[in-house]
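Student: okay, structure incoming, though there's no sequence with it:
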Ligand SMILES: Nc1ncnc2c1ncn2[C@@H]1O[C@H](COP(=O)(O)OP(=O)(O)OP(=O)(O)O)[C@@H](O)[C@H]1O
């Protein structure tokens, strides 16, 4: 479980998060929405210790992130914006293996994790392909596999659909739904609510660094009037 309590984050004089309270339960599919600059990326960066709150606490599985960043990073897998430009290796298999290798795991375990992660994103058997030859949607799925290879409890994706055409968007979303069905908690950060609300358990909307909507999608959509997000079609 991710438990954010009273979190304030400032960049200099600017308050990016203003007393945010939010819980993401194990196994939940949460959509975190809001306009550009509403604080979405800042919020999720607290979940694995990339940022520290000015006040308030963030706990992952009961432990304060600041007390054990490694545990938080293992439990919360992040796929950042534009992962397609930031791969660490030239081939699919080497890139997905990078995280488990850094954990110092035995080779057999690494190979198992890479195989399972590629399976989960429908890229089984494509370890040796060069990332530069893949489509945008395939690259996004390699990035997701890289996070999955750490076997996280929560998978957090920051704007995973940016720049993807409709079929690629659909294939990424379909993989996220399958992961959710298999028990992984999925958090999709987006300013665009098309398609992602149907599989979601909950919609959380940030505005000006504060949570303004936090409800089941059907109920939440009725409260979106005046909130600057792209509404579902
Ligand atoms: N490194 C930084 N230094 C100073 N201000 C920042 C920094 N990162 C973000 N901000 C500011 O904090 C606020 C929240 O930004 P954040 O990136 O968290 O929002 P967001 O909802 O993720 O937006 P986007 O969808 O554009 O990524 C914005 O006003 C932004 O300009």
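Tutor: Nice, thanks for sending it over. Treat the numbers as computed from the prediction; the structure is a model and nothing was measured. Residues are numbered from 1 along each chain as shown.
Student: scan this structure for its longest helix.
Tutor: Assignment by DSSP state H gives helix 166-181 as the longest helix of the chain.
Student: now for the next helix or strand after it, which elements pack on it?
Tutor: Following helix 166-181 in sequence order, the next helix or strand is strand 185-190 (DSSP states H and E). Counting contacts by 3 or more CB pairs under 8 Å, 6 or more residues apart in numbering; DSSP states H and E, strand 185-190 packs against strand 29-33, helix 40-45, strand 154-158, helix 166-181. Yep, even glycine has a C-beta here, placed from its N, CA and C like the rest.
Student: let's see 6 Å
Tutor: Under the contact definition 3 or more CB pairs under 6 Å, 6 or more residues apart in numbering; DSSP states H and E, strand 185-190 sits against strand 29-33, strand 154-158.
Student: residues near residue 41, how many?
Tutor: Residue 41: 19 surrounding residues under other CB atoms under 10 Å.
Student: skipping adjacent residues, who's closest to it in space?
Tutor: Using CB to CB, 6 or more residues apart in numbering and skipping residues adjacent in sequence, the residue nearest residue 41 is residue 158, 5.8 Å away.
Student: if I look at that neighbour, what pLDDT would I see?
Tutor: Looking at residue 158, its pLDDT is 92.
Student: roughly how far apart are it and residue 189?
Tutor: Distance, residue 158 to residue 189, using CB to CB, to the nearest Å: 5 Å.
Student: looking only at neighbour counts, state which of those two leads.
Tutor: When residue 158 and residue 189 are compared for neighbours, residue 189 comes out ahead with 24 against 20, by other CB under 10 Å.
Student: give me every residue that touches that one.
Tutor: 32, 40, 158 (CB atoms under 6 Å, 6 or more residues apart in numbering).
Student: what subset of those residues is also close to the ligand?
Tutor: residue 40 (CB under 6 Å from any ligand atom).
Student: go through the contacts of residue 189 and name the one nearest residue 122.
Tutor: residue 158 (21.4 Å; CB to CB).
Student: let me know whether the closest one touches residue 80 as I believe.
Tutor: Yes: using CB atoms under 6 Å, residue 158 is in contact with residue 80, at 5.3 Å.
Student: which one of the contacts of residue 189 is nearest to the ligand?
Tutor: residue 40 (3.6 Å; CB to the nearest ligand atom).
Student: what's the closest non-adjacent residue to the closest one?
Tutor: Using CB to CB, 6+ apart and skipping residues adjacent in sequence, the residue nearest residue 40 is residue 189, 4.8 Å away.
Student: ok, now residue 61?
Tutor: Nearest one to residue 61, counting by CB to CB, 6+ apart, is residue 75 at 5.6 Å.
Student: quick one, what contacts the most centrally placed residue in the chain?
Tutor: Per CA atoms, centre = their mean, the C-alpha nearest to the average position across the chain is that of residue 156, at 1.4 Å. By CB under 6 Å, 6+ apart, the contact list for residue 156 reads 44, 78, 187.
Student: ditto for residue 145
Tutor: Residue 145 touches 96, 117, 118, 121, counting by CB under 6 Å, 6+ apart.
Student: which residue packs closest to it, ignoring adjacent ones?
Tutor: Nearest to residue 145 is residue 117, by CB to CB, 6+ apart, at 4.0 Å.
Student: low-confidence regions, the protein specifically.
Tutor: 83-85, 225-233 (pLDDT under 70).
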